[in-house]
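Peer 1: sharing a model prediction with you, sequence too.
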Amino acid sequence: MAEFVLAIDQGTTSTRAIIFDHSGTPVSTGQREHRQILPQPGWVEHDPLEIWDNTREVVGTALSRASLTRHDVAAVGITNQRETTVVWEKSTGKPVYNAIVWQDVRTQQICDELAADGGADRFREQTGLPLSPYFAGTKLAWILRNVDGARERAEAGELLFGTTDSWVLWNLTGGPDGGTHATDVTNASRTLFMDLRTLQWDEEILDVFGIPPAMLPQIRSSSEVYAEVHGSQLLRHVPVAGILGDQQAATFGQAAFKPGEAKNTYGTGCFVLVNTGGEIVRSSHGLLTSVGYQLGTSAPQYVLEGSIAVAGSLIQWLRDNLGLVSSAQEAEQLAGTVKDTGGCYFVPAFSGLFAPYWRQDARGALVGLTRFVTKAHIARAALEATAFQTREVLDAINADAAVPLTSLKVDGGMVANDALMQFQADILGVPVMRPRVTETTALGAAYAAGLAVGFWEGTEQLAGNWAQDRVWEPQMPAEERERRLRLWKKAVTRTFDWIDDDVR
C-alpha cells in the first residue's frame, strides 16, 4: 500500500518536490533553482523548458533520498507561482516565448487601454480582480500581440496557454502525446478571465481581451484525479490529483478551513489570505477576491487576499544585485548586529506597489539615510519592510472583515528568522504563530491530492495534523509601534508617481 504523497512546488525562484507521510510530515525533498531572466527594467521571465527539466530532476532526487519508488506514492499534487504565464505549441510542447512572471509589469499599457472603458475595476464584479499587470490575462494578451505569428497560430488552435500548474500537468501526463490541459479554480481565478460565481471562463471578457477560447485549459476543482503520470517518467501511472495556486495551497496546508481563519506566507513575495467561506466578499480596501479551494464537486470556498510583490526577493536582490550579503542567513546575522534601522526605511516597490495601494507608478525607495547608516541597518530595514507591508494588508483585511483578526499563522522561508517574527508581532500588535511544519505550500497541494484518492479522509483529519511550533507575543509599546508605522507610511508616499510617460 502506498504510504506517501508527493507534492511538486513550482515556485518563483525554484522548483521543489516534497514527499509527505500520513501525518503531514515531510520525509524527503528535492530542490533546484531556475534562472531569473531580466531583459529590461520591470520585465521578469523564466524558461519553461528549464522549469520542466528541473521538475523531473527534483522528483527523482526526492524519491531517491527517501529510497522510494512510484509504488510508494499514492498521488501527486501540484502547487505553483500563480499568474506566471506560459504559451506553447500543442504539437511539440515548445514554448513560443519565455514564461512571463507574475512580477513583470510590461503590460501596464494594455491595462490602461482596457481601463479606458470602465476603469481599473472594469472586470472586478465578475473576477474579483482589478486590471493590473500582475494577472495572467494581460501577459497572455501581450504575447499574442508581440510574438510573431502567435495570434494567427492561437486562432488556428495550435497554441495552448496556462499558468505553470497547467504547464507541469500537461508535461507530466503526456505532453504532445495526449497531455491533460487543465487548471484548477484557484489558478483560474487569477487570470482576469474566470467568473467567480460560475467558475467558468467568461466569454465576454475573453472577447474584450482578444483571446481564442481554445487556448485555455479546462477549469477543474482543486482536488480530483486529473490524469495519471504518463510514459517512462519515475512516477508513471501515479494519479495527479490535486492543484492549488501557491498561496491558496499554503492556506490549505495551514488548515485554515473556517471563515475568518488567516495565514501569511513569507516567500518571494508576501501573501495574506483570509477564508471567507462560501461568501464572495468584495473588498473596498485594496484586497483581491479569489477562490480559496474547491474539493471535488463540493461548493467553492473563497478568500480575501492582500498581495505584496517583494519580500524574500528583496534579500535576494541585496545578494545578487548589490553583493551586500552572500546569503539570506548572512542578511539575518548582519541585521542582528544593530538594534534598529538607524532611522532608514526601505520600500521595495520594484514592480510598483500591490495591496493595499495598487500603484503601478511607484518604484523602490530607501529613505531616511544619514552617514550613521551602515549595511547592517539597510539589511535590517529590508527585513522590516516585509513586516510593515504585512501590517498594512492586515489593516485592510480588518477594515473589510466582519471580525478583526486576533492572531496570524505564518509560513514560508522567512519564518525561520525569529527576530523578524518578533518584529512582526510587535508591529501588528497581535500574536504570530508558526506551525511545526512550515512547508505549508507543498503540504496543501499534498493534502488536496491525498483527499482525492482517499489517503486522507477529510479536512477534520487534516486540521488534526496541524501543530504549533512557536508563538511570538507583541512586546513593543503602543506609542513606539505607532511612531514607526507613521514613518513607514511617510516613506511609502515617497515612492508614488515615479513613472511618467517618458520614464520606464
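Peer 2: Received, thanks.

Peer 1: next helix or strand past the lengthiest helix in the chain?
Peer 2: In the chain, assigned by DSSP state H, the helix with the most residues is helix 375-400. Heading C-terminal from helix 375-400, the first helix or strand you meet, by DSSP states H and E, is strand 408-411.

Peer 1: got the contact list for that next one?
Peer 2: Taking contacts as Cβ atoms under 8 Å, 6 or more residues apart in numbering, the residues outside strand 408-411 that touch it are 250, 253-254, 256, 261-266, 272, 394, 421, 424, 428, 430-435, 438-441. To be clear about C-beta, it is placed using only N, CA and C from the backbone, and glycine gets the same treatment.

Peer 1: parallel or antiparallel, list what pairs with that strand.
Peer 2: In the sheet, strand 408-411 lines up against strand 262-266 (parallel), strand 432-435 (parallel) (DSSP bridges).

Peer 1: now the very next helix or strand once past it: average pLDDT?
Peer 2: The helix or strand immediately downstream of strand 408-411 is helix 418-428, counting by DSSP H and E. For helix 418-428, mean pLDDT rounds to 93.

Peer 1: dump the C-alpha coordinates for helix 418-428 into PDB.
Peer 2: Provided in PDB are the C-alpha atoms of helix 418-428 (Å, rounded to 0.1, in the frame of the first residue of the first chain):
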ATOM      1  CA  ASP A 418      13.000  34.600  14.900                       C
ATOM      2  CA  ALA A 419      13.900  38.200  15.100                       C
ATOM      3  CA  LEU A 420      11.700  39.100  12.100                       C
ATOM      4  CA  MET A 421       8.800  37.200  13.600                       C
ATOM      5  CA  GLN A 422       9.100  39.000  16.800                       C
ATOM      6  CA  PHE A 423       9.200  42.300  15.000                       C
ATOM      7  CA  GLN A 424       6.100  41.200  13.000                       C
ATOM      8  CA  ALA A 425       4.200  40.500  16.200                       C
ATOM      9  CA  ASP A 426       5.400  43.900  17.600                       C
ATOM     10  CA  ILE A 427       4.300  45.900  14.600                       C
ATOM     11  CA  LEU A 428       0.900  44.000  14.300                       C
END
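
Peer 1: which non-adjacent residue is nearest Leu314?
Peer 2: Excluding the flanking residues, the one nearest Leu314 by Cβ to Cβ, 6 or more residues apart in numbering is Pro348, at 4.6 Å.

Peer 1: please, where are all the helices along the stretch 1-150 of the chain?
Peer 2: 48-65, 108-115, 124-127, 136-146, 150-155 (DSSP state H, counting those that start in this stretch).

Peer 1: could the ones you listed go into JSON lines alongside distance to Leu192, mean neighbour count and mean pLDDT?
Peer 2: Below are those laid out as JSON lines (distance: least, Cβ to Cβ, whole Å; neighbours: other Cβ atoms under 10 Å; pLDDT from 0 to 100):
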{"stretch": "helix 48-65", "distance to Leu192": "21", "mean neighbour count": "20", "mean pLDDT": "97"}
{"stretch": "helix 108-115", "distance to Leu192": "9", "mean neighbour count": "17", "mean pLDDT": "94"}
{"stretch": "helix 124-127", "distance to Leu192": "5", "mean neighbour count": "19", "mean pLDDT": "94"}
{"stretch": "helix 136-146", "distance to Leu192": "3", "mean neighbour count": "22", "mean pLDDT": "97"}
{"stretch": "helix 150-155", "distance to Leu192": "17", "mean neighbour count": "17", "mean pLDDT": "96"}
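
Peer 1: indicate which one of those is closest to Ile315.
Peer 2: Among the helices of the stretch 1-150 of the chain, the nearest to Ile315 by Cβ to Cβ is helix 48-65 (21.8 Å).

Peer 1: and that closest one, what other elements does it pack with?
Peer 2: Contacts defined by 3 or more Cβ pairs under 8 Å, 6 or more residues apart in numbering; DSSP states H and E place helix 48-65 against strand 4-10, strand 14-20, strand 26-33, helix 164-172.

Peer 1: mind giving me JSON lines with those and columns for mean pLDDT, distance to Phe388 and mean neighbour count?
Peer 2: Formatted as JSON lines, the helices and strands packed on helix 48-65 follow (pLDDT from 0 to 100; distance: least, Cβ to Cβ, whole Å; neighbours: other Cβ atoms under 10 Å):
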{"stretch": "strand 4-10", "mean pLDDT": "98", "distance to Phe388": "27", "mean neighbour count": "28"}
{"stretch": "strand 14-20", "mean pLDDT": "97", "distance to Phe388": "26", "mean neighbour count": "24"}
{"stretch": "strand 26-33", "mean pLDDT": "96", "distance to Phe388": "28", "mean neighbour count": "17"}
{"stretch": "helix 164-172", "mean pLDDT": "98", "distance to Phe388": "30", "mean neighbour count": "28"}
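
Peer 1: now the ones you listed in CSV, with distance to Pro130?
Peer 2: Below are the helices and strands packed on helix 48-65 laid out as CSV (distance: least, Cβ to Cβ, whole Å):
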stretch, distance to Pro130
strand 4-10, 26
strand 14-20, 29
strand 26-33, 31
helix 164-172, 23
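
Peer 1: compare those and give me the one nearest Gly323.
Peer 2: strand 26-33 (18.0 Å).

Peer 1: hey, what's the angle from the closest one to strand 14-20? Just curious.
Peer 2: 170 degrees (axes from the mean of the first three to the mean of the last three Cα atoms, to 10 degrees).

Peer 1: now the angle from strand 26-33 to strand 4-10?
Peer 2: Here the directions of strand 26-33 and strand 4-10 differ by 20 degrees (the same axes, to 10 degrees).

Peer 1: residues making contact with strand 26-33?
Peer 2: Under Cβ under 8 Å, 6+ apart, the answer for strand 26-33 is 4, 13-21, 54, 57-63, 65-66, 68, 437, 439, 442-443.

Peer 1: same thing with stretch 358-374?
Peer 2: Under Cβ under 8 Å, 6+ apart, the answer for stretch 358-374 is 105, 108, 111, 120, 130, 132-133, 286, 310, 338, 341-350, 352-353, 378, 381, 487, 491, 494-499.

Peer 1: which of these fall within strands?
Peer 2: Of the contacts of stretch 358-374, the ones assigned to strands by DSSP state E are Tyr345, Phe346, Val347.

Peer 1: and the end-to-end length of stretch 97-116?
Peer 2: Chord length of stretch 97-116, first to last residue, is 28 Å (Cα to Cα, to the nearest Å).

Peer 1: all further residue positions should be reported with the first residue as 67.
Peer 2: Shifting the count to begin at 67 puts that one at stretch 163-182.

Peer 1: off-centre distance for it?
Peer 2: 17 Å (Cα atoms, centre = their mean, to the nearest Å).

Peer 1: any low-confidence regions in this protein?
Peer 2: 468-469, 567-570 (pLDDT under 70).
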